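Q: here is my input; please provide its structure:
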Amino acid sequence: MDRALPPAAEGLHRKAGRRAHYGRRAAGIRPAGEGVNDALAGLLVNFFWFLVILWTLYPVLQQRRVNGQRLQLIRRLEQVRGSRVITLIHRQESLSLLGIPLTRYITVDDSEQVLRAIRYTPPDMPIDLIVHTPGGLVLASEQIAEAIRRHRGPVTVMVPHYAMSGGTLIALAADEVWMDENAVLGPVDPQLGGYPAASILAAIRLKGPDKVDDRTLMLGDVAGKAVAQVRDTVFRLLQDRMSEERARRLATALTEGRWTHDFPIGCDELRALGLEVRCGLPEEVYRLMDLYPQPGGRRPSVQFIPVPYPERQGR
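A: Numbers count the residues shown, from 1 in each chain. Sure thing, here's the model as predicted:
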C-alpha cells in the first residue's frame, strides 16, 4: 500500500519537479509532443501567408496572360488583313486587386493612345479600328474621328456589339463600317449635365423664354451651340463619302434629338438613313472579344454550350 507524503514533503516534491521542468526547457529539452505542435503551427502560418500572396498576385498574373493572348490575336488579324489593328474596347473588367468592376468610356487618354497608334502607322497603310463602347467625351471622340478622316489609307471601323454616342461619331469618320448583323450604333446628340441638349431647347420653346430663369436660358444657349457644333462635325465627316444633301440629312437626324440617346440603330436602319454599312465581321474579331470578359458573379446570367451545331437538313 502506497503511503501519502506528508504535506511538507509533498510541497518540496512539487517544487523540485517544477525546477527540473524549467531546467530542461532552459537547456533546450522539450517534450516530444510540444515540438511537433510548434512545427505544425509554423507550417500553418507560412501556408496562410502563401495563400494571401497568391490571392494578391493571381489577378495581376491572369491579366498579363490575357493581354499576351490579345496581342497575339491582334497580330494575327493584322497579318490576315494587311493592316494596322487598333482596339477601342470598353468593358467592365475586374482590374483591381479587390476585383471591383471599373466602368469605362471614351476619355482623353483613349484619344491620345489612338492618335499615337495612327501616327506610328504609314500614311497609306490600312487601319482596322475595332470599337466597342458606350460613348464618352465629345472632345476625345472628335479627336479620334478627325485623325481617322485625315489618314490617307483606308480606315475600317468594326463593331461587334455596339458603338454608341461617341463610338458612332468615330464610325462615321471611317471609309467603311463593318458590323455584326445584330450590332448597333446610336444617336450623337450632345448631353449637358445629364440632360439631352435638344430637350433643354425644347423645354425653353414650350415654356417660353420669359418664363424660365437666367440659368436655364444660359444652359439653353450652350445647348444650342452644342447641337450645332456636333451637327457640323458629323456633316464634315460625311461630306466626302456622300452627296451634300444626304450628309446634311443624316447629320440632322443623328443630332436633333429625334430619338433617345440610347436608341439602337441597326444595319437596316443605317442603310435607310443613307449610310453604307457591311453586315459581317472576321472571325478573329469575335475571338478577340472573348478575351475581354465581363466580371463574373456568383451565378452566370447567360449560359450555353460554346460549340457550333450543324444545321438540320430536314425534319
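
Q: first-to-last residue distance for stretch 290-306?
A: Chord length of stretch 290-306, first to last residue, is 11 Å (CA to CA, to the nearest Å).

Q: just for the chain, where's the confidence low?
A: 1-36, 38, 57-63, 92-103, 294-301, 303, 311-315 (pLDDT under 70).

Q: can you show me the helices along it?
A: Assigned by DSSP state H, the chain shows helices spanning 7-26, 32-81, 108-119, 138-150, 166-172, 197-207, 214-238, 244-255, 267-273, 283-289.

Q: looking at it, T107 is touching L139, isn't it?
A: No. Counting by CB atoms under 8 Å, T107 stays clear of L139, with 9.5 Å between them. To be clear about C-beta, it is placed using only N, CA and C from the backbone, and glycine gets the same treatment.

Q: neighbour count winner among those two?
A: T107 (16 against 12; other CB atoms under 10 Å).

Q: from V114, how far off is that one?
A: To V114, T107 is 11 Å away according to CB to CB, to the nearest Å.

Q: and if you look at L281?
A: Distance from L281 to V114, by CB to CB: 20 Å.

Q: what about those two, which has more around it?
A: V114 (22 against 18).

Q: list the residues that contact that one.
A: I86, L88, L129, I144, A147 (CB atoms under 8 Å, 6 or more residues apart in numbering).

Q: please apply the same query to D240.
A: R149.

Q: for N182, find the nearest of the helices of the chain.
A: N182 lies closest, by CB to CB, to one member of those: helix 267-273, at 8.7 Å.

Q: buried ones in the closest one?
A: Neighbour-count burial for helix 267-273, with 16 or more other CB atoms under 10 Å as criterion, is recorded at C267, L270.

Q: so what touches that helix?
A: In contact with helix 267-273 (CB under 8 Å, 6+ apart) are residues V177, M179, E181, A183, L185, R249, L250, A253, I265, V277, C279.

Q: 6 Å instead, please
A: Applying CB atoms under 6 Å, 6 or more residues apart in numbering, the contact partners of helix 267-273 are M179, L250, A253, V277, C279.

Q: among these, which ones are buried?
A: M179, L250, A253, V277, C279.

Q: isn't the second one right up against G274?
A: This points to L250. Yes. If you go by CB atoms under 6 Å, L250 and G274 touch, sitting 5.3 Å apart.

Q: list the residues that contact P123.
A: Contact partners of P123, counting by CB under 6 Å, 6+ apart, are R152.

Q: mind redoing it with 10 Å?
A: Counting by CB atoms under 10 Å, 6 or more residues apart in numbering, P123 touches R150, H151, R152, G153.

Q: same thing with L250?
A: Shown in contact with L250 (CB under 10 Å, 6+ apart): L172, V234, F235, L238, M242, L270, L273, G274, L275.

Q: again with R241
A: Residues near R241 by CB under 10 Å, 6+ apart: R149, L172, A173, A174, D175, E176, A247, G274, L275, E276.

Q: what about I305, how many residues nearby?
A: By other CB under 10 Å, neighbour count at I305 equals 6.

Q: and it, how far is that from L291?
A: Counting by CB to CB, the gap from I305 to L291 is 20 Å.

Q: next: T252.
A: 39 Å.

Q: now list the buried members of the contacts of P123.
A: Judged by 16+ other CB under 10 Å, buried ones among the contacts of P123: H151.

Q: and the contacts of P123, which is closest to R81?
A: Among the contacts of P123, and counting by CB to CB, the member closest to R81 is G153, at 12.0 Å.

Q: give the contact list for that closest one.
A: S83, R84, I118, T121, P122, P123, D124, M125, P126, I127, D175.

Q: surely the last one is in contact with I148?
A: Yes. Contact between D175 and I148 holds when scored by CB atoms under 10 Å: they sit 8.7 Å apart.

Q: give the intersection of the neighbour lists for those two.
A: Counting by CB under 10 Å, 6+ apart, the contacts common to D175 and I148 are I127, V155, V157.
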